[in-house]
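1. Sharing a model that was predicted from the sequence below.
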Amino acid sequence: MPKNALYAQSGGVTPVINASAYGVISAARRHPDVIGTVYAAQNGILGALDEVLIDTAQLSDADLAALKTTPGGAFGSCRHKLRHGAELTRLFELFAAHDIGYLFYNGGGDSADTCLKVAEFAQYHGYDLTAVHVPKTIDNDLPHSDCSPGFGSVAKYVGTAIREAGLDVASMAASSTKVFILEVMGRHTGWIAASAGLAAQDNDAAPHLILTPEVAFEPGRFLKAVKETIARVGYCTIVAAEGTRDAKGTFLSEAGGADAFGHIQLGGVAPILARLIKDELGHKCHWAVADYLQRAARHIASATDLAQAIAVGEAAVEFAVKGQRSVMPAIIREDSEPYRWRIDAVPLHDVANREKPLPREYLDADGWRLSAEGRAYFAPLIVGEAPPPFVDGLPAYPRWQFSHLPKKLIPFERG
């Protein structure tokens, strides 16, 4: 008898996370003799704990296809560190009540750890569960994978944004703003900030300076570079990762507090940099924070990224039906020109609680711009356009509303 599957989205969403959901659900439908019903947890692992489940069989073929062009998390996501004890026990009560034998957990590094934790609990207690992590993160920091689904589309967005903003600043620099700063996500790694360097066709084009967590921020050196850029070009554009830090490893924008996984809350590096430039150099600065805009920008998604997001979802199911457990579908680069890639399974033990830093050689000697090696890495990931349907001049995104399965368990009290 086929076992049912649970799919859940976790952590910050991406422009193409729902494409991975499409990959999982559509692939599972091709194996009705092995996988019964795919249930989606509303709002990730919290929905699983609360037994708020969606029967994805209610999705028509048209609904399923719409997942490929919809940003955000169609089934809802959450940030929650699954606890040993009552929460893990509850999760397996849910599995037993709904005859679930497969878990497809779609998320980043913290989610890989959660998926591994569930798999190890199942093995220890002798529960027949096949758990596969479906990768996604705009931070691009999952190890053993060439890139992470979601990243390519964000790289395309920030590259477009800084190129367009650079033209804006250039047109007004003689009499107005001389410095523009775009703050992008990247708490511990500078993949997103560095990818914006693709926008620069030459040394005088935006972005002129890139700030990443991997290169220590030195105020004097930074101000000198800004001053020299303005003297040479007439203005200066900067892309800064939110996790930009000094030589001691202290975040420039540390605001205090932490999330459920213990990550320090950051308070915005762009206004700090703008104030430093204004105070020390006297130049008028404008700044912007890409924030949710970068990870929701499905309208300018990378076709390469979309294809990879679907592929990892499909591969997760194929690995599962072949009996591969506690693995993650990883994207393996076979060549850069033309870009060729494949999907391999990597053990979750090699992924969970590990981060892939931006290689220093992807930046030039000063650390301000992309090197030729960095450009060769990033360039294929943003190739191709895959726009959603437009109606009346705006993207036509569905507002997902689902009915939920009748509950079989008593309510769970989360501490």
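-> Yep, that arrived. Residues are numbered from 1 along each chain as shown.
2. Under the pLDDT cut-off, which ranges of the stretch 151-300 of the chain? List them.
-> Within the stretch 151-300 of the chain, the segments meeting pLDDT under 70 span 255-267.
3. max-length helix in this protein?
-> helix 151-172 (DSSP state H).
4. mind checking how far that helix is from the chain centre?
-> Centroid displacement of helix 151-172 relative to its chain, using Cα atoms, centre = their mean, to the nearest Å, is 19 Å.
5. Can you pull out the residues in contact with the helix or strand hosting Ala48?
-> Assigned by DSSP states H and E, Ala48 belongs to helix 44-49. Residues outside helix 44-49 that contact it (Cβ atoms under 8 Å, 6 or more residues apart in numbering) are 6, 8-10, 41, 53, 73, 75-78, 80, 82, 87, 90-91, 94, 114, 412, 414. (C-beta placed from N, C-alpha, C; glycine too.)
6. among those residues, which are in helices?
-> Of these, the ones assigned to helices by DSSP H are Glu87, Arg90, Leu91, Leu94, Thr114.
7. ok, and the most crowded of those residues?
-> Highest neighbour count within the ones in helices among the contacts of helix 44-49: Thr114, with 27 neighbours (other Cβ atoms under 10 Å).
8. what sits against it?
-> The contact partners of Thr114, by Cβ under 8 Å, 6+ apart, come to Ser10, Ile45, Lys81, Leu82, Tyr105, Gly107.
9. Next, give me the two most distant ones among the residues you listed.
-> Maximum pairwise distance in these, criterion Cβ to Cβ, is 13.6 Å, between Lys81 and Tyr105.
10. out of these two, which sits in the more crowded spot?
-> The neighbour count for Lys81 versus Tyr105, taken as other Cβ under 10 Å, is higher for Tyr105 (28 against 14).
11. for the residue nearest to the more buried one when sequence neighbours are not counted, what are its contacts?
-> Distances taken as Cβ to Cβ, 6 or more residues apart in numbering put Cys115 closest to Tyr105, at 4.2 Å, once the chain neighbours are dropped. Taking Cβ under 8 Å, 6+ apart as the criterion, Cys115 is in contact with Leu103, Tyr105, Gly107, Ala131, Val132, His133, Ser326, Leu348, Ala352.
12. tell me which residues in stretch 151-167 are buried?
-> Using 16 or more other Cβ atoms under 10 Å as the test for burial, stretch 151-167 gives 151-163, 165-166.
13. What is the nearest of those residues to Ser26?
-> Of the buried residues of stretch 151-167, the one sitting nearest to Ser26 (Cβ to Cβ) turns out to be Ser153, at 20.2 Å.
14. need the contact list for that closest one.
-> Here Ser153 is in contact with Thr14, Pro15, Val16, Ala297, Arg298, Ile300, Ala301, Ser302, Asp305, Leu306, Ile382 (Cβ under 8 Å, 6+ apart).
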